[in-house]
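1. Can you look at this prediction? I've put the sequence above it.
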Amino acid sequence: MPFQPYESFIDFILTKMSHMIALTEDMRESEVAELQEAMKGQMKGICPSAPGRLSGVVVVGIAKK
């Protein structure tokens, strides 16, 4: 997935993905800011320069009883 600046991608993740909205809805602004910085650090570790491209990983589980 291509991205321009880290901040706009992180904002997209936190404001448009329903599970992230639910995760952060009870957080204080300072906690959300801390999360954003942690996400930025992780992104920089994976892709040190922006604009860049991130690749995803999918975990699929199937069970039968």
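-> On my side now, so go ahead. Computed from a predicted structure; not experimentally measured.
2. Assign a three-state SS to Glu37, would you?
-> When classified by DSSP: H, G, I helix; E, B strand; the rest coil, Glu37 comes out as helix.
3. Repeat that for the one 4 residues further on.
-> Assigned by three-state DSSP, the conformation of Gly41 is helix.
4. List the contacts of it.
-> By C-beta atoms under 8 Å, 6 or more residues apart in numbering, the contact list for Gly41 is empty. Where C-beta positions appear, they are placed from N, C-alpha and C, glycine not excepted.
5. Ile10 now?
-> Neighbours of Ile10 in contact, by C-beta under 8 Å, 6+ apart: 36, 39-40, 43.
6. so which strand or helix has it?
-> Secondary structure from DSSP states H and E places Ile10 in helix 6-16.
7. by contact count, what packs against the next helix or strand after that helix?
-> Using DSSP H and E, the helix or strand that follows helix 6-16 in sequence is helix 18-24. For helix 18-24, the contact count by 3 or more C-beta pairs under 8 Å, 6 or more residues apart in numbering; DSSP states H and E identifies helix 6-16, helix 29-46 as packing neighbours.
8. related to what we said a few turns ago, what angle do helix 29-46 and the helix holding Ile10 make with each other?
-> Angle, helix 6-16 to helix 29-46, by axes from the mean of the first three to the mean of the last three C-alpha atoms, to 10 degrees: 130 degrees.
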